[in-house]
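S.K.: Sequence unavailable; structure follows:
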C-alpha cells in the first residue's frame, strides 16, 4: 500500500489517496481520519469501509459526507473504486449508460464477487496496519452495488461488527451467493430500502432482508425511487455504526425501561 | 380540567395526574413537564400526546420512558386512558383477555373513534392553555390502538406537526375511516412495524403506510412479534419528534451534501 501525495486536511478531517496491489490489480482508495492529536498517537479507532454504487466512485458527495460524519465520531473511513469504476474506468469519458453496462458485465462474471472481496479484505488489512487506524472494530456501509459486494465481504470477514446494506434484493446473477452469504451474517444490520425503487422489486428486497441471518437487524424504508435515499439515512447510518462500533462513546441514552407490550 | 394532587418531581421531570370532563365522560390523564426554571416562565414548549395500546394504560413503562426522554428535550408529554382502560376500567380486576375484548367491542362501536378524538382534542386544548405548556407545536405518538385513534386525531387537528404511528394496518371495523384519515395527513410520519407481527398482516400494515398522505414519511421495521418493539424505536421516535417539533434545538447535524445517486 502506498499513499499518493500528502493528503488534505479540512475542518479536522484528513483525506488521503492510496493505492494497493491485489492479485496484480491496482486498487485506488481514499482514507479519511481525524486530524492527528499527539495524545491519540497509537490508539486504534473503528474503521468503516464504504462501498459505492454502480456507475459511481469512491468520492461521490454522499460518501464524502458520510466519511466526514464518521470522522467526527473519531472513526476512520475508507472507500475504494470498484472494478471498472472511478479511476479504474477503461474509458474515462464513459457515460452513465456505459458504466452501468460495465457493472452488469462485471456482476455476471463468476469470479467478480471473489475478486472484489479480495480487494476489500486487502484494503482492510492494509488500513488496519496503519498507526492512525489500528486494529479496532470494522464497520461496512454500502447500498445497491455496495451491498452486492458488501454482504459477501461481511460474510468473509468476522471483524465486520456492524453493517449498513440496502437498495438491493435477492435477484441478479449472484442471487444465490447473496442468499448464502446473507444467511451467514451475524453482525447488527441496518437495511435501507426505497419504497418505490424502480430497480429492485419490493418482494426481492424483503427476501434479502429476510435472508440476513443477524438477529439484530432493522429495515428503514422511505418513499421514492432507487437513488432518492434521504440525508436522514446517512445520519441514521452514522448513529447506528457509532452505537455498535463504539458503544461507550455513542451519544444518546438508553431508556431505563421500555415495557414489553406497546400493543 | 383539574389536577389531582401536587404532582411528583424526579430527576428534573414533574409528573402530574389530571382529569378532564368531555361530553359527560371523565378522562384521567398524566402530564410530564420539565421541573420549572424561573427563566422559562411563560415560554411555550412542544407537547407530545401519547396514546397507549389495547389492554394497557397511560402509565405503562414504555410511555413513562418516552415521556421522560421527551421532557429531557424540553418538551411536555401527556397521556390519557382510553375508554375501558386504566382508571376507566369497568372492572378493576379485569384480566388481559377481558380488556382486549372490551377494546374490540369499543372498536366496533361506530361512535368510538369520534368520541376518543373528542377526548384527545379536549385534552390538547386544556393542556395547551397551561402556562407550563403553552401553544407550541404538537406531536403524537401511539402504536397499535394508539394508531387507531391517533390517525383520526391527526387528521382532525392540524396542530399535530409530527406523528409516530405503527403496529396497525388497514383492517378491522374502522379500516375505511383509517384509510380516509390517513390520506388526509400532511405532517411528517414515522411508521413503526414489527416484521413478524402476529396480529397485523404485513400487507395490511404496508397498505396503511401507503395510505398515509404525508410526503415526508418513513417506515422502520424490526424482526419480532407485535409487542417486541425495541428500545431503539423509542430513541428514534424522540429524535424524530425533536427534529420536527424543535428543529432549531434538535441535536445532530445535517450532512452538507449527500449526493443524489447512491445506486
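M.R.: Arrived safely, thanks for sending. Because the structure is predicted, anything quoted here is derived from the model rather than measured. Numbering: from 1, shown residues only, chains lettered A, B, ... in the order given.
S.K.: So residue A:23 sits against residue A:116, correct?
M.R.: No - Residue A:23 is beyond contact range of residue A:116, at 11.0 Å (criterion: Cβ atoms under 8 Å). Placement of C-beta: from N, CA and C, glycine included.
S.K.: Does stretch A:142-156 reach chain B?
M.R.: Yes - for stretch A:142-156, a contact with chain B is found by Cβ under 8 Å from any Cβ of the partner chain, at A:143-146.
S.K.: where does that stretch sit relative to the chain's centre, distance-wise?
M.R.: Stretch A:142-156 sits 7 Å away from the centroid of its parent chain (Cα atoms, centre = their mean, to the nearest Å).
S.K.: pLDDT averaged over that stretch - what is it?
M.R.: Regarding stretch A:142-156, the rounded mean pLDDT is 98.
S.K.: which among the residues of stretch A:142-156 next to chain B end up buried?
M.R.: A:143-146 (16 or more other Cβ atoms under 10 Å in any protein chain shown).
S.K.: Quick one: residues in contact with the biggest helix by length in chain A.
M.R.: In chain A, taking DSSP state H as the definition, the longest helix is helix A:112-128. With Cβ atoms under 8 Å, 6 or more residues apart in numbering or on different chains as the contact definition, helix A:112-128 has outside contacts at A:1, A:18, A:20, A:22-23, A:25, A:27, A:29, A:31, A:47, A:49, A:51, A:76, A:78, A:80, A:82-83, A:106, A:133-136, A:138, A:148-149, A:152-153, A:156-157, A:159, A:174, A:177.
S.K.: which two from the buried ones among the residues of stretch A:142-156 next to chain B end up farthest apart in space?
M.R.: Spatial extent of these (Cβ to Cβ) is set by the pair A:143 and A:145 at 8.1 Å.
S.K.: can you tell me which of the buried ones among the residues of stretch A:142-156 next to chain B are in strands?
M.R.: Mapping these onto strands (DSSP state E) picks out no residues; all lie outside.
S.K.: and of those, the nearest to residue A:168?
M.R.: Distance to residue A:168 across these (Cβ to Cβ) is lowest for residue A:144, with 5.8 Å.
S.K.: I figured the closest one was touching residue A:164, is that so?
M.R.: No - look at residue A:144 against residue A:164 with Cβ under 8 Å: they stay out of range, at 11.8 Å.
S.K.: Please report how far residue A:176 lies from residue B:197.
M.R.: Going from residue A:176 to residue B:197 by Cβ to Cβ, to the nearest Å gives 29 Å.
S.K.: between the two, who's got more neighbours?
M.R.: residue B:197 (24 against 9; other Cβ atoms under 10 Å in any protein chain shown).
S.K.: Just the helices from chain A, written as ranges.
M.R.: So, for chain A - with DSSP H - the helices run A:61-72, A:96-108, A:112-128, A:145-156, A:175-183, A:202-211, A:231-245.
S.K.: Could you say which of those helices is packed most deeply?
M.R.: Of all the helices of chain A, helix A:145-156 has the most neighbours on average by mean count of other Cβ atoms under 10 Å in any protein chain shown, namely a mean of 26.
S.K.: Helix A:61-72 and that one, what's the angle between them?
M.R.: Relative orientation of helix A:145-156 versus helix A:61-72 (axes from the mean of the first three to the mean of the last three Cα atoms, to 10 degrees): 40 degrees.
S.K.: other SSEs contacting helix A:145-156?
M.R.: In terms of contacts (3 or more Cβ pairs under 8 Å, 6 or more residues apart in numbering or on different chains; DSSP states H and E), helix A:145-156 is packed against strand A:47-51, helix A:96-108, helix A:112-128, strand A:138-142, strand A:160-166, helix A:175-183.
S.K.: repeat that for 6 Å
M.R.: The contact analysis (3 or more Cβ pairs under 6 Å, 6 or more residues apart in numbering or on different chains; DSSP states H and E) places helix A:145-156 against strand A:47-51, helix A:112-128, strand A:138-142, strand A:160-166, helix A:175-183.
S.K.: which other residues reach it?
M.R.: Applying Cβ atoms under 6 Å, 6 or more residues apart in numbering or on different chains, the external contacts of helix A:145-156 come out as A:51-54, A:113, A:116-117, A:120, A:140, A:142, A:160, A:163, A:165, A:168, A:178, A:181-182, A:184-185.
S.K.: repeat that for 7 Å
M.R.: Residues from elsewhere that reach helix A:145-156 (Cβ atoms under 7 Å, 6 or more residues apart in numbering or on different chains): A:51-54, A:82, A:103, A:107, A:113, A:116-117, A:120-121, A:140, A:142, A:160, A:163, A:165-168, A:174, A:177-178, A:181-182, A:184-185, A:187.
S.K.: for chain A, which spans come out with low pLDDT?
M.R.: The model of chain A has pLDDT under 70 over residues A:38-42, A:249-263.
S.K.: So which residue is smack in the middle of it?
M.R.: Against the mean C-alpha coordinate of chain A, by Cα atoms, centre = their mean, the closest residue is residue A:141 at 2.4 Å.
S.K.: which non-adjacent residue is nearest it?
M.R.: Once flanking residues are discounted, residue A:141 sits nearest to residue A:164: 4.4 Å by Cβ to Cβ, 6 or more residues apart in numbering or on different chains.
S.K.: which parts of the stretch 101-250 of chain A sit against chain B?
M.R.: A:143-144, A:167, A:217-223, A:226-227, A:229, A:231, A:234-235 (Cβ under 7 Å from any Cβ of the partner chain).
S.K.: With respect to residue B:89, which of those residues is nearest?
M.R.: Nearest to residue B:89 among these, counting by Cβ to Cβ, is residue A:218 at 34.9 Å.
S.K.: can you tell me how far residue A:114 sits from residue A:142?
M.R.: 17 Å.
S.K.: Contact partners for residue A:54?
M.R.: A:100, A:103, A:144-145, B:263.
S.K.: whoops, residue A:73 was the one
M.R.: So residue A:73 contacts A:238, A:242, A:246 (Cβ under 7 Å, 6+ apart).
S.K.: hmm, back to that, look up which residues are beta-bridged to the residue nearest to residue A:141.
M.R.: Beta-bridge partners for residue A:164, by DSSP bridges, are residue A:141, residue A:190.
S.K.: wait, doesn't it sit right on residue A:239?
M.R.: No - under the criterion of Cβ atoms under 7 Å, residue A:164 makes no contact with residue A:239, lying 10.7 Å away.
S.K.: Any part of stretch A:84-95 near chain B?
M.R.: No - with Cβ under 7 Å from any Cβ as the criterion, chain B is not reached by stretch A:84-95; the gap is at least 11.9 Å.
S.K.: measure that stretch end to end?
M.R.: Its start and end residues considered, stretch A:84-95 measures 12 Å (Cα to Cα, to the nearest Å).
S.K.: cool, stretch A:159-172 as well?
M.R.: End-to-end distance for stretch A:159-172, by Cα to Cα: 27 Å.
S.K.: For that stretch, buried residues please.
M.R.: A:159-171.
S.K.: roughly how far apart are residue A:207 and residue A:226?
M.R.: Residue A:207 is 17 Å from residue A:226, by Cβ to Cβ.
S.K.: next one: residue A:34
M.R.: Look at residue A:34 and residue A:226: by Cβ to Cβ, they are 33 Å apart.
S.K.: next one: residue A:10
M.R.: Counting by Cβ to Cβ - residue A:10 and residue A:226 are separated by 31 Å.
S.K.: try residue A:83
M.R.: Separation of residue A:83 from residue A:226 (Cβ to Cβ): 21 Å.
S.K.: Next: residue A:149.
M.R.: Taking Cβ to Cβ as the measure, residue A:149 falls 17 Å from residue A:226.
S.K.: what does residue A:215 give?
M.R.: Distance from residue A:215 to residue A:226, counting by Cβ to Cβ: 28 Å.
S.K.: likewise residue A:144?
M.R.: 7 Å.
S.K.: who has more neighbours, residue A:215 and residue A:226?
M.R.: residue A:226 (19 against 10).
S.K.: Please verify my assumption that the more buried one contacts residue A:201.
M.R.: No - with contact defined as Cβ under 7 Å, residue A:226 does not reach residue A:201; the gap is 11.5 Å.
S.K.: No more questions from me, cheers.
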